[in-house]
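Novice: Compute the structure for the input listed below.
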Amino acid sequence: MRLVLLLALLPLPALAGEVEIVAAEAREGAGGWRFDVTLRHGDTGWDHYADAWRVLGPDGAVLGTRTLLHPHETEQPFTRALSGVRIPAGVSEVRIEARDSVHGWAPTTLTVALPGR
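Specialist: Below is the predicted model:
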């Protein structure tokens, strides 16, 4: 009984885990590159939700960041886009990294090939 009571007192955000990058797509346009990134996370509300993803160059430089302004408890997985990302010449692939409001940047990234490069 004590164990059940103790578990009931644990905050729900601790149960959500880290954010997962499900898919990502890159397209080049006149104003730079557009990235469509799909994330999955057990968003539990404002206390624990996927709150950003970013595009990293081969050297780890941040090329663009998409901030997510609210939880997506009822929309999982979900896709959001970021346009106008400038990719240096000679770069043929980038990495996508995602973050949640409790765990920070997830250790697992997704490598995305840049079509035509």
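Novice: Can you pull out the low-pLDDT segments for the chain?
Specialist: Scanning the chain for pLDDT under 70 picks out the ranges 1-16.
Novice: Any idea what the residue nearest to the spatial centre of it is bridged to?
Specialist: With distances taken as C-alpha atoms, centre = their mean, Ala98 lies nearest the centre of the chain, 2.8 Å away. Listed by DSSP bridges, the beta-bridge partners for Ala98 are Trp53.
Novice: pretty sure it is in contact with Trp105, am I right?
Specialist: Yes: at 7.4 Å, Ala98 counts as touching Trp105 under the criterion of C-beta atoms under 8 Å. For every residue, glycine as well, the C-beta is placed using N, CA and C.
Novice: OK, contacts around Pro71?
Specialist: Asp43, Thr44, Gly45, Trp46, Tyr49 (C-beta atoms under 8 Å, 6 or more residues apart in numbering).
Novice: does Met111 count as helix, strand or coil?
Specialist: Rather than Met, residue 111 is Thr. strand (DSSP: H, G, I helix; E, B strand; the rest coil).
Novice: ditto for the one 5 residues further on
Specialist: The local conformation at Gly116, judged by three-state DSSP, is coil.
Novice: And it, how close does it get to Leu110?
Specialist: 19 Å (C-beta to C-beta, to the nearest Å).
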